[in-house]
Structure formats: structure tokens, C-alpha cells
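Next input, structure requested:
(chains A, B and C)
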Amino acid sequence: MKNVFETIFFTEILQGLGITLSHMFKKPVTYRYPFEATPIQDRFRGIQYIKTHADGRTKCVGCYLCQKVCPSECIHIETDCGPNGERLIRKYELDLSRCIYCGYCEEVCPVDAIHMGWEWNTVASDRSGYVINMKTLSQNYKDNVEGNWKNKHLQKKLVEGVQQ
Amino acid sequence: MVLAIVFTLIKILIIVVCVLTGVAYMTYAERKVIGHMQVRLGPVHTGPMGLLQPLADGLKLMSKEDMTPDMVDKPVFYVAPFLGMVPGIAAFAVIPFAPNIVVADINVGVLYILALSSVGVYGIIMSGWASNSKYATLGSLRSSAQIISYETAMGLSILGPVLLAGSLNLKEITEAQRGLWFFIPQFVAFVIYSISAVAETNRAPFDLPEAETELVAGFHVEYSGMRFAMFFLGEYANMYVVSCMCAILFLGGYTGPLLPPLVWFLIKMLAFMFFFLWLRATLPRLRFDQLMNLGWKVLIPIALANLLITSIVVYAIRN
Amino acid sequence: MVTVKIDGKEVQVAPNTLILDAAKEAGVSIPTLCHDSRLNPFGACRVCLVEQVGNPKLQAACTTPVTDKMEIVTRSEKLSRVRKTAIELLLINHPLDCPVCDKGGECTLQDLTYEVGVTKVRFDAKPNDTPVDHTNPFIERDIDRCVLCGRCVRVCDEVVNIQAISFLNRGTDTIIGTSFEQPWNCEYCGQCISVCPVGSLNNRIYLFKNRPWNLDRVKSVCGLCSCGCTVDIDYEGNEVFRMKESPEEGINHGYMCAKGRFGFEFINSIKRESEAVVKAGGESKKVSFNEAVDVAVEKLKKVKDTAGADAIAVVVSPRLTNEEAFLAGKLAKDVLGTSNLFSTETNEVNPEATLEEVENSDCVTVLNIDVTESNPILGLAVRHAARTGTAPLAVFYPGYTALRRVSKKFVTGTPDEVRAAMESYAAAVAGASNEYSEWAAKLTNAERPVVIFDPYNKADVKLAQDIKKACAKVKVVPAKAKNNSVGIVDMGFGAKCPTEFAQGLESGKFKAVVVLGENLSARSVWTKSASKAAGLELLLVTDPFMSETAAMANVYIPVSTFAEKSGSFTNLEGHVQSIAKAVDKGVNTDACVVSAIAKGLGIKLPAEVSAVRGMIEKEVPLYSGINWDGGVVSYPYVFAGEVAATDGKAKGKGRFFLYPASLRLHSGSFTRWSPDLAKVYGEPMLELSVEDAKELGISAKDRVKVKGEGFEGEFLVEIEKKVSKGCIALPEDFVATAGIFCNGKSLRADIVK
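Sure, this is the predicted structure:
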């Protein structure tokens, strides 16, 4: 009986129409991206940074664990023996165009060196621009700490996040 | 005499310009309304609140390359877009926007509109056929089947108000509703008309001829630039026509208290236009068999019954 | 046989088998840390503790022999607790620096820690922080990571017999170190690295270069000396990262020498050539492989048409695989129609004893060769026989070698004295009565006597033959030099005397010479005539490097090393072993070169290993039906006829006796391109005894001139305790010294300051 009623008087369709109408008066959730920033949550996983010691040396020891754990194989490391028999990182490359921002590298790092940052702007004019090295990664750390963002208007929010 | 012709031409020009502007802004309204219904913004960048968006779209369509695929049937391919658009605009000739704003106040206004809406289907069939593409052909076939099916129901539902008014003249039908808008005595016809009108104009949820997910774009898949725009214009013009008809037949046309008649007419027409957009934002597309079932097995019998009952009642009252 | 029950599985083993081996037999695995099946039981780590039913005390599986009806439990609640505690105690002092430790990923302690499930150390961790020791050029020593399992100490003592390292101090202060904390100098064999279960001893060549999980591994055979050791080549992409032992496998039982372990770097050398060079009218031009081959083919055709096939000679290096040498022979004989096939090797001597026979011999005599340097794994076999068996080892050598520690009799002195002693010894074996009769009797009375000699010294070959004739049960080992010295002879490159080639060059008989991989200038037999090769119509040289000979060539084609091709080598015992391709450096193999030349001359020769092997099995009777991966060739004879008596006395005049020194880590041919070997021993050094140095007032690293009849040269001085007074020694296979030893193996010379 109810079913017939519903069929005759389109109750479900009217319900649907009611929903769309009520949504029409909600505040749109759109962020007008290049002009307006999307807020970044604290646990957002953006472009990685690698921490440095106070004297500027990288904290990374080149153990290859991030390279091993990376599911998209975007990290490439080359190490060698330094002049004093220390472990020396010849090359640390991270291909952002391959990275899936899963954060496994951050999880696996035994020396708390690599971290997922809050910067997400990877735009470059050619593919080589997506491959970042240790220098950039260390610079990213500085930028994350000091808040030198490419997107200036994010500055405040993010600096607060890092300082926490 | 000459003055009358010039006067008429000016009237036509004004109406065509208004219709085309309306069509253009209908696209803007559609994007805006659906956007907000989906909790988005819709166009915002072009001009204040995106108001220049239709202009930008028009410029874009005009400056686009006009491509003609090799394998098409050229003359038919070129004619089809005009056949799609012209009937939609021509129908405005008989619409009484206000007691004195009507281009041709003819006695068979309703028939004229029904006839023109039937011509519109030729544009679709021709474009589908001439395109020589399976998507276009399928789209146009669906479209013609759909239009023919629903035109019957629409025609039958229109007969209700016509019987009540006792005239085919749109102005007289409007005047007949001075006391009571026909959508109250003819509620069933009103519902049937609303559904058929949506189906007739190939709008969601009856937009099977252009189903993107199945047919890419339907009958106009091979068209680009202004030719494509003409189909677009035709579709929106048809939406205006059926909205005007709805306003005239069921909502009392330009009649209404306080406000000037033209405003009343526009309010009613635009309300129905809004209904189109609202439906599109709400309902998913029907399957083809559901569409045909609804048309032939539900709407036409109900419309016939409605017509029978109306005739009997009208006969009883008149005599 | 006794019956033992291990974890409910009954197994029959020989009496006195260790519980660990019995468990292996039963298919039960017991975790171990300090155990090495090749070394004596030690029982230091207590990880292998097992329960014996009925015995309240736990037993160490690696030291306890089984008894009949013994019942062993290897997994129980109690045992896992005990094992966990053992590991936890080790981790008190072990720094947790796995991320920077080179052993990370293949560390026994790491694996055990995961296995027993230690996640937290209950004790107060006190890792030491002693600086890492880099005094050894190849071995990094970090004593903090050491777990004192003693494997390195034991392998250095029991196998290598150098005793370079030992336990120092007592109790918690115990460390592994050198006596009196002196700089670590040893043979650099690196056996200690291979047995170290943690990252305490590391390979400095590979140090921090990569991680084990990144490396692909292929089992191959070392291509650096004639021992034919089974090795694992670890590579990533097209770079070889290390060559390491295949644990306990191969004729080398998982042991390696410094050359094999640290000398692979020439494979990755940036000095390697990648493009062929054609010289025309004094101008050299880089060309493609095909163009170079075309030039060679054209010239070969021309020489063959104008001067006849006899004006063409083919020289192969003992570095080639059997398959390549065979193809080169085919090219010479069937395609070019010449019988001029040359190599430094001759078919005068064939292998007889295997390394296993040397190990199990009950009397070993080494004649005038330092096997510990020339063939280190053969040296290990000799040491094994002399140390673990009762085999009396007699060594004749001008100067002490590493065998002195294990030898029962070591005859040294000037080369002439040693020669005289060897002759008396041979005479004593033949029955004469002299001062060596007692030692000769030991040889003749032994059941499995072995004589090792230098096959490149005619006088020594004669002596060895005399001994063999006098005592038929003696098995001889001609200590051939290069990885396939035996194989190329089997493939037909030993029939002609090498001097014939030199004569041919001198007389101008040869117009076109094809040199596959050989460096004529560094071979003492050819070095004098090598310059003549420069003016030939065609000198085609293939070599991975631009060697001295390659620089003279008018057609040079770069080729691959042993790590970049497949094929087989025949080692000094006649053991045929397959090598496997690990990397590709973008150059062709010698087989490709030969095949391409043959194609240019209109005859099709296959370059694929399997096809060539089929041909060898058909055409070389010695190799018919051979197992290409481990088969031993049975030679019809050891000595080819009576060896002519040669005067082995030192030639010329001069105050000092000059003899070819033992190779120091590398010869001057291939391994000189390995930077780390070259760092330790870069150029030929003149070895001088301490007394003579004092007398002449020469100190180490001085440059002195050596002058003799027909030769002269300036060399760095190295003062060696091992060298006898009145003797000086120079390595043989360097370009700078080849010109000296072309005059003879034993010379007299003067030192001019």
C-alpha cells in the first residue's frame, strides 16, 4: 500500500528534490585554489624534508631503508666510504613525480631524518625538476622550520604546525 | 501597413535577442544552480560572480575550429543544426508574454507550437544520420523515439486546458484562467505535461540521446564550434518554449495580482525553468526501457483518462 | 653408528659427530653464531645450547659430540629464554648502529636478534665508542661491534696460518687485535671478513657502497689466478660491487685471497675502453666494432693473399675462456689456414693432483715457488696438509715464504744454493745418498706424496720430472699462473714454443698477428720482440684496457672481462668450471670478435657458449662428454716426453742474485687496474734483505738502479726480512721487469745507487 502511495505521489523524488534544494542554501565548500589556500592538516603528507644537525650536516646516514621500503621506488641513494672511513652519501635523489606520499620513508627512518613536510607545490616545467636531492631536501627542512613557503599566505598556519 | 511590418520586425528582433540572451544566461544559471546544489560555487572567475561566463563561452564557441568529418553527408550535416535551432526560436512567435506583447496572436497557437516541436526532431535525426557515426546515430534514434513517444502524452495533456478554455488561442487560454489557474482542475495533466516537457526537451533525467557515459555526446558528437552551439541554443530555446507553454496552459500565463503581467509571466516561466535545473541536479538518468515504459504504459493511459474525464465534466458543465 | 633422537626425529650418525651436525642430518636447525663448520669447535656464544634429556645441564651443540641413545631437545621454553638472554647480553656492548653498519642486512647477530625476538635490552646498555681502525688497507676493524666469537682469530690461525690477529686482554676488556697493538699487516686474504658474523670486520673496498638487499648475485669462478675459486659476484645494474666467497662452496671451500676479494675493481674501472680504435697512417680513429672488424678482415685477406697463411699468427691470453680459445683456434686453423697458434703456455706439463689431494697428502714438497702468493688457495691446501695432517712439508725457495711456519724443512739461500739443494734432493729421491736422503725417504715412504713446482721454469720442470720418474706415486702440481692457463693448452694453444713467436716477429715472418687479450710487452718471453709488432701489416689486439700492446695495435677492439661473459675455465688441477655473466659493460666478448672476423672471411662460427661447447665436445677428445660445471679432465700424460736438462744456474755477473719475486697481491697485467690493489702495491718493487740494505746504506722507498748483463732498470726498494742475504727479487709480470727476466729466471745483478 505504502509502495503504491510512494509510486503515485513520487515521494522519493520529492525527497531528493528537497535534499538538493536544501543543499543549495549551504555554504559552498570550494577553495578557489590559486587565489585561496586549502587549509593543511597537521598530518598532511607533503614534500619530504630531511632534518639537519645544528651545524648543517644532514641527519641522514644513508642506510637505504627508505629506498627499500618505498613502494613506488622513487628514492635512489648512492653511498660510499668517506675520506675518514665514515659513511658518506654520494647521492640522495627523490623523484617527486613518482612519489605517492605514503609516508613509509618517514616511518622506517631509524635516525629520524626524513619527514613528510607540508609543502605540496611540485609544479615544474620539465620532469627533471621533480627529482630533488639532498640539498633541496635539507633546504626544505629549513623552509619548513622558518616558514619560507612558496605559498606565502600559508605561512602562519604551517609554522604553527611545525613548531608544535 | 509598412509601419505595421516594421513594427512587427522590431518586435521579432527584440524577442529573438531576448530569447538568445535568455538562453545564454540559462547556461550560466544552470551551472550556478547545480553548483550550489552540489555545494560548489559554479563559475566565478569571468566577470563579477562569473556573470560574463556566457559571453566567454560564446566567444570560445565562435572562435573554435569548425570541423567537418570526411565521411559525413555534407548538405544534411550542415542543415541539421539550423533545423535544430530555428523551430525553438520560431515558437516564440505565438507566445503572449503580456496582453499586448505577442508577435502573432493566431487562433491555433497551441497547434502551431506542437507542430514546431515536431519539426525539431528532424534536426536531430538528420544530424545523427549525416554524422555517419554510430554514437550519433544511436543518439538521434533514441532522441526521435523519445520525442515521438512523449509528444503524444504531452499533446494529450495539453488538451485538458484547451478543453477547459475552449480555445486554441494561447491568449484566450490565458484569459480563461483569470479565476482559477488550470493546474488545479488539471493537476494530473499538469504533472503529465511537466514530465513530458522534460522528456521532450531531452533534459535530465531523460537525457538519453546525449548520455555522455554511453554515447559520448549523442547526436551532436561530430559537431564543433558554432554548429554545436546551434544545437545547444535549440535545446535551451525549446526549454523556454515548454516553460512558456506550462506557464500559459497551467499557471495562468501573465495573469496575476499587483505586478505587471510581463513580470508575472517571466516569474512563472523561470520557475518552471528552475524546475528543469533542479531535476537535473537531483535525478539520475533513466534506462531506455524505463523511459519507454513510462511514456507508453503510464503517461499516455493516464493522459487519455484525464482527457475523458475532463471532456465529460466540460460537456456536463457546458450543457 | 650411533642412534640419536633430536626433537623426536631419530637419526643414525657416526660416533663423535657433533650434536649440531647430527641435527642438520635430522633436518633440525639450531641457531649458531660462533660456529663455522670449517673450523674447530669453539663454543663461545652459547646460542646453540640444547637440552639433553636426563641431563640437567644445557649442552652447546657445536662442541658436544653425540653418544648412543642420546635424546636432544632443541626448541623449548627454557631454551628460547636462554638464547634470548645470550643475545641480550651480547647487545649490552654492541652498538645499535645497524643503519650505518655495513653488515646491516646480512648480519648473523641481527638475524638472531629478530629470531629470538629481542625488542628491548633489559640491561644498562653501554656500547663502547672506540675509533675505527683503518690501518689495514682492505679491512676495516670496529672492535665495538665485535661479539668475540673468535671466528676471525680461528680462521687466521687454523686456515691461513698467519696469526695476524688474536684475543687481547681478559674478561670484559677482551678485544680482537694485533699483538702489541701494532698496525695490522697481513696477507690481506680477508678470510676474517668472510667469517665475521657482525660488522666488526668489513671489506673496505665495498665499504658503504651498497646494501646487500640491493645486490643481485651470480655464482661464478674467479678469473684472476689458476686456482679457479668459486665466488659470488654481487652486482647492481651494470656495476660489480663485490666479489665474495660462496660460503663453504667450491674447490676453495669458501676461502679467497686478496686478489679475488679486493681485486675485482678493474671490472668497473673508468679507464676501460669502450670504443674500437683503428690506426692508419699514424692517425688513430675511434670506430665502431663492425668497422674495426671490417678493417681487420680486409687486412687479413690481403696478407693471406700476398704472403700466405703462414704469415698470420694468432696469440691468445690465458685469460680467455675455453670456448673463446677454441674459437680462436678454429679461426686460425680452419678459417685462416695457419698453424701459428701461440700463447705463453706450453703443453709440456699437464695437471695431475687436485687440490683435495694436496690437502689430504701425507708429504708435500714445494720446489722453488711461493704458492701462497702465486696461487693462494693452493697455498691454503698446502698449509692444511702440513698443519692438520702429519704431512712433513719441505720447501725450497730462495727466501722465506709464509709456508715457513708450517714447514718441517725450509731450504733457503741464494738461488744457486737452492738449486743445488733441489738437485741433491731429486738425486736423493732417485736413490743417491746425501744430506737430503732423510727427506727423500719421507717422500718415497709416503702414501700420497705431492710435489708442487713452477711449470714456467724449465730447470724446475726437469727436477719435478726426475722426482716423478724416481717415485711414481708422487703426484705433481704444476702451479700455473693464470685462470685458464690449462684450458687454452687443451684448446690447442700449447703446441708451439712461445719463443717461436718471438723469433717469427724478429725475422719478419709474421705480417699479421691477432692478439686476443694478451699483453706482449709484459711477458718476459716476448717483451723484447714486442716492439716489432708495431710495424706489422695488421696487429689486432683485443683487451679490456689500453695495454702497452693495445697501444701499438693498428686495430684495437675493447672486450669484456670474466664477469661479463659466460663460458668455462679449466683450473690448475684440470677442473672445468663454468663462469656466469654478471654485468654488461657494453663491449663485446672475444668470442664475438672471433666470430665476426670469421664471418667477414666467409665462414660461420658460433659465438654462443652452448654451440661452441658442442663443437669442443666433438673436436677436442679431452673434453668429449665433459661436465662443464665441475668435470675434471683426465690427461693422458703429465710430462710430455723427456724434459731437456737446463742449466738453472744464475746467469751473468754481479754481486747479487736476482730472482722473480713472488707476486705481491697482483701481477702487472690485469689487477694493476684495480685502484685499491695498486694503492698497496702499485709498481714493481725491488726486495732487498735487511743486511744488504744496511751494508749498502739503502733504506726503504729509495730508488735504486739494478744493472746486469743486458738489462738495467730503476726500482723502488722494499726491505724484506724474508729475502736471503745476497739476493734481490723483482716481480716478473710487469712491463718494467719483463725485459729483465727475458734473460733467464735466475740472474746476477748489481745495485747502483
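
contacting residues around the closest residue to chain C within chain A?
In chain A, the residue that lies nearest chain C is residue A:63 (3.5 Å; C-beta to the nearest C-beta). Heads up, the C-betas are built off the backbone N, CA and C, glycines and all. Shown in contact with residue A:63 (C-beta atoms under 8 Å, 6 or more residues apart in numbering or on different chains): A:110, A:111, C:98, C:99, C:100, C:104, C:211.

and the second one, how many neighbours?
When neighbours are defined as other C-beta atoms under 10 Å in any protein chain shown, residue A:111 has 16 of them.

before we move on, what about the fourth one?
Around residue C:99 sit 17 other residues, with neighbours defined as other C-beta under 10 Å.

quick one: residue B:99 and chain A, what's the gap?
The spacing between residue B:99 and chain A, counted by C-beta to the nearest C-beta, to the nearest Å, is 33 Å.

Residues in contact with the strand ranked longest in chain A: which ones?
Counting by DSSP state E, the longest strand found in chain A is strand A:87-95. By C-beta under 8 Å, 6+ apart, the residues outside strand A:87-95 that reach it are A:48, A:50, A:58, A:60-62, A:74-82, A:130-134, A:137, C:100, C:208.

In that strand, which residues are buried?
Using 16 or more other C-beta atoms under 10 Å in any protein chain shown as the test for burial, strand A:87-95 gives A:87, A:89, A:92, A:93, A:94, A:95.

Alongside chain B, which residues does chain A contribute?
For chain A, the residues in contact with chain B (C-beta under 8 Å from any C-beta of the partner chain) are A:13, A:16-17, A:19-21, A:23-30, A:32.

Tell me the helix or strand right after the helix or strand of chain C with the lowest mean pLDDT.
Among the helices and strands of chain C, helix C:675-680 carries the lowest confidence by mean pLDDT, DSSP states H and E, at a mean of 83. Next in sequence after helix C:675-680, counting helices and strands by DSSP states H and E, comes strand C:685-689.

Reformat the buried residues of strand A:87-95 as CSV; add distance to residue C:577 and pLDDT.
Below are the buried residues of strand A:87-95 laid out as CSV (distance: C-beta to C-beta, whole Å; pLDDT from 0 to 100):
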residue, distance to residue C:577, pLDDT
A:87, 36, 88
A:89, 39, 91
A:92, 40, 93
A:93, 40, 93
A:94, 43, 93
A:95, 42, 92
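
ok, of the contacts of residue A:63, which come out buried?
Buried among the contacts of residue A:63 by 16+ other C-beta under 10 Å: A:111, C:98, C:99, C:100, C:104, C:211.

number of nearby residues for the closest residue to chain A within the stretch 601-750 of chain C?
In the stretch 601-750 of chain C, the residue that lies nearest chain A is residue C:676 (10.9 Å; C-beta to the nearest C-beta). By other C-beta under 10 Å, the residues close to residue C:676 number 17.

OK, contacts around it?
Residue C:676 touches C:137, C:138, C:204, C:205, C:262, C:263, C:265, counting by C-beta under 8 Å, 6+ apart.

Sketch out the low-pLDDT regions of the chain for me.
In the absence of a named chain, chain A is used. For chain A, the stretches with pLDDT under 70 are A:1-2, A:147-164.

The intended chain is chain C.
Scanning chain C for pLDDT under 70 picks out the ranges C:663-668.

can you list the domains in it?
C:2-75, C:126-268, C:276-347+C:485-632, C:355-478, C:656-752 (automatic domain parsing).

what about the ones you listed, which gets the closest to residue A:69?
domain C:126-268 (10.8 Å; C-beta to C-beta).
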